[in-house]
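Below: sequence and its predicted model.
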Amino acid sequence: MIKGSWGKKAKTISDNNGNWKTRIKTPKAGGPYQITILNKKEKITLSDVMIGEVWLCSGQSNMEMPLKGNLPDEPIEESEEAIQSANYPKIRMFTLKHNIGISPQENMEGEWSVCSPETAGDFSAAAFFFGRKLHQTLDVPIGLIHSSWGGTPAESWTDLEDLKSISSFEKIEEKLDELNNPLSPYNVWMNELEQMDASKFYENYEALINPSYSAENYDDSSWDSMHIPTWLEGEFKNFDGVIWFRKTFELSEVDENAAYNLSLGGIDDEDITFVNGVKVGLTRNWTIHRNYALPKGLLKKGKNSVAIRLFDGASNGGMYGGQDIGIVKDGQLVADLSGDWKYFPTVILNNNKFSVFTTAQSFKVMPTPPLEFNSHLPTGLYNAMIHPLVPYSIKGAIWYQGENNVSRAEQYKTLFPAMINSWRNKWGKDFPFYFTQIAPFRYSGKDNTESAELRNAQNQILSLPNTGQAVTLDIGSMETIHPPNKKDVGERLARWALAKDYKQKTIAFSGPVCTEAKLNGDKIILDFRIGSTALVAAKSGLKEFELVFADGTSTDVSARIIGNQVVLEKSTRQLPKAVRYAWKNGSEASLFNSAGLPASTFFIALK
């Protein structure tokens, strides 16, 4: 029997495995209450139970990023004040432990935390600001179920049956079956290696790798060579784990009084770097270019060495460059270290475990797996981190992801809605699904377009019922893929929920949405669904409107606001086929509504 302290009860009978499920009528939002579960032999009482609005919060690192930030490199704006004032006992967050499943799981690990100045720093920042806005506006308890994993693609969060309908995933089921076979050559080989829980990585540094690899005169002649800079995926498809890199170099002279730096460019995900056997730097942020100051007297005339322990935890990895790689003195490169480096993989990350290579079993003879058992495993995160939640009643979901699908925008147009529909089908209802459009970031270059194409693919999801998009075109950062402004992200998502699900009619929830582009003589007229009272240009004026022609070329075009329309001045006789806006990785918003909400990147055919 189940009894609620609000006076309702329910009965049920468990199956042969002890599993049971029932429903009990609940009162209006409030609490704290108690729930008592009892049979003839046992009695369990759950205390401090709140009843209110529950939202699922999921995605990759921009959803996972905690309110306290990833310090010191990636702070969250206004986090200190938010944490200090986070005395909200009616806001609770349940954070799922990372897990991967080849098949759907019934159980998960995690715990509820009551929001307080002591706990809020570990809350997802985007989810915290979303939940705080709902709580402050509605004055009801808010439950936030946080299930996210940095660096993960949408296919990992999608149910198998829905994923099989997507191009390039048609044969995924047979590959999963092979991966699950304990007698496959890959699994037999992996099981013979020494293994260690991945959560122990940082506290078991010495056990995981041979520290002699960093030694000044270590003999790396048996190691293979790789040209640097590069991404690991050029050599190792989907490799996650630890690889050591070494390079020796000659200096014809050394000024003992000069300041020298080691410039390495970008490294994904993290590095520990040694020069002549001495540790000179550690960085755990793949977006930051490494530029380590060297202690005076460390370099010497003649032979020197650099050793790097690189750890790639998810997605692409490698020493990808982006600036000079070498020894720098007074801003000048005095020793170019680009080119061939020696490398040796020592640890592979698989199934939340590190498998350590030995001399008898090197990476080069490892059987090829059908799939990598890591956070990129198609359906793997749905199985372990979404499916176990399905029995839990939720109001809706918020989502912040897309960066890991940024090179596959066309596929995302079908993959993302398939993921949303797979969740809704499992819960048995078209619950509201509000997502964050990825923010501007340099990716392959500020003027390239892959992220704009992904943002446009996200736009198309709005054709699904009960969806909404929080646009971040005005709050990105070229220096980090993790914009520090998570307050606007959370509150813009909350605007959708408050307006659509809680009927707060005065709340603006969307920036301007372009609905039509019409040719009118030498002008092109853009119509908008404004989302507020008026269109507003940025202080610097309207920018980044382009005409696109049938041959694929494009040209910038001047734009101005007239009433509730944007008018483009067509200065060429060539007839355009479409108009696009903010179509670069590094684009910034220049069109808003009077509520301060930006228009999204868009690509719209001309009528």
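Ah, there it is. Numbering: from 1, shown residues only.

ok, so what distance separates Asn62 from Thr480?
10 Å (CB to CB, to the nearest Å). For the C-beta atoms, the positions are set from N, CA and C on the backbone; glycine is no exception.

do the same with Pro89
Distance, Pro89 to Thr480, by CB to CB: 33 Å.

Show me which of those two is the more surrounded one.
Legend: neighbour count by other CB atoms under 10 Å for Pro89 and Thr480, higher for Thr480 (18 against 13).

okay, the closest residue in space to the more buried one that isn't next to it in sequence: pLDDT?
Leaving out its chain neighbours, the residue that sits closest to Thr480 by CB to CB, 6 or more residues apart in numbering is Thr287, at 4.8 Å. For Thr287, the pLDDT comes out at 80.

Can you tell me the element Thr287 falls in?
Using DSSP states H and E, Thr287 sits in no helix or strand.

Ser451 now?
Ser451 belongs to helix 450-460 when assigned by DSSP H and E.

so Asp488 sits in a helix?
Yes - assessed by DSSP: H, G, I helix; E, B strand; the rest coil, Asp488 belongs to a helix.

what are the phi and psi values for the closest residue to it other than its chain neighbours?
Computed as CB to CB, 6+ apart, the closest residue to Asp488 that is not its neighbour in sequence is Ile475, at 5.6 Å. The phi/psi pair for Ile475 (degrees, to the nearest 10) reads phi -130, psi 30.

Run a quick neighbour tally on Ile475.
Around Ile475 there are 20 residues (other CB under 10 Å).

now do His482
Counted with other CB under 10 Å, His482 comes out at 24.

in which helix or strand would I find it?
Counting by DSSP H and E, His482 is held by no secondary-structure element, helix or strand.

ok now do it, which residues does it touch?
61-62, 65, 70, 74, 287 (CB atoms under 8 Å, 6 or more residues apart in numbering).

what residues are up against the closest residue to Lys570 other than its chain neighbours?
Closest residue in space to Lys570, ignoring its immediate chain neighbours: Asp522 at 5.1 Å, by CB to CB, 6+ apart. Residues near Asp522 by CB under 8 Å, 6+ apart: 569-571.

Give me the phi and psi angles of Asp522.
Dihedral angles for Asp522 - degrees, to the nearest 10 - are phi -90, psi 10.

now the helices: where do they sit in this structure?
Applying DSSP state H to the chain gives helices spanning 61-64, 79-84, 125-138, 160-163, 172-179, 185-191, 205-208, 380-385, 409-427, 450-460, 487-500.

Looking at those helices, spot the one closest to Glu118.
helix 79-84 (9.0 Å; CB to CB).

Packing partners of the closest one?
helix 125-138 (3 or more CB pairs under 8 Å, 6 or more residues apart in numbering; DSSP states H and E).

quick one, the helix it packs on and helix 487-500 angle?
Between helix 125-138 and helix 487-500, the angle comes out at 40 degrees (axes from the mean of the first three to the mean of the last three CA atoms, to 10 degrees).

Nearest residue to Ala127 in space, ignoring adjacent ones along the chain?
Ala127 sits nearest to Cys57 (CB to CB, 6+ apart), 3.9 Å away.

Repeat that for His227.
His227 sits nearest to Asp340 (CB to CB, 6+ apart), 5.8 Å away.

roughly how far apart are the one you found and Ile37?
Counting by CB to CB, the gap from Asp340 to Ile37 is 65 Å.

Same question for Val548.
62 Å.

go on, Val406?
Taking CB to CB, one finds Val406 at 46 Å from Ile37.

More neighbours: which of the two?
The residue with more neighbours, out of Val406 and Ile37, is Val406; 22 against 13, by other CB under 10 Å.

Which pLDDT value belongs to the closest residue to Gly380 other than its chain neighbours?
Distances taken as CB to CB, 6+ apart put Ile100 closest to Gly380, at 4.2 Å, once the chain neighbours are dropped. Here the pLDDT value assigned to Ile100 is 93.

Quick one: neighbours of the closest residue to Ser113 other than its chain neighbours, just the number.
Spatially, and ignoring its direct neighbours in sequence, Ser113 is nearest to Thr119 (4.7 Å; CB to CB, 6+ apart). Residues within reach of Thr119, counting by other CB under 10 Å, total 15.

now swap in Ser571 and tell me
Ser571, neighbours per other CB under 10 Å, totals 11.
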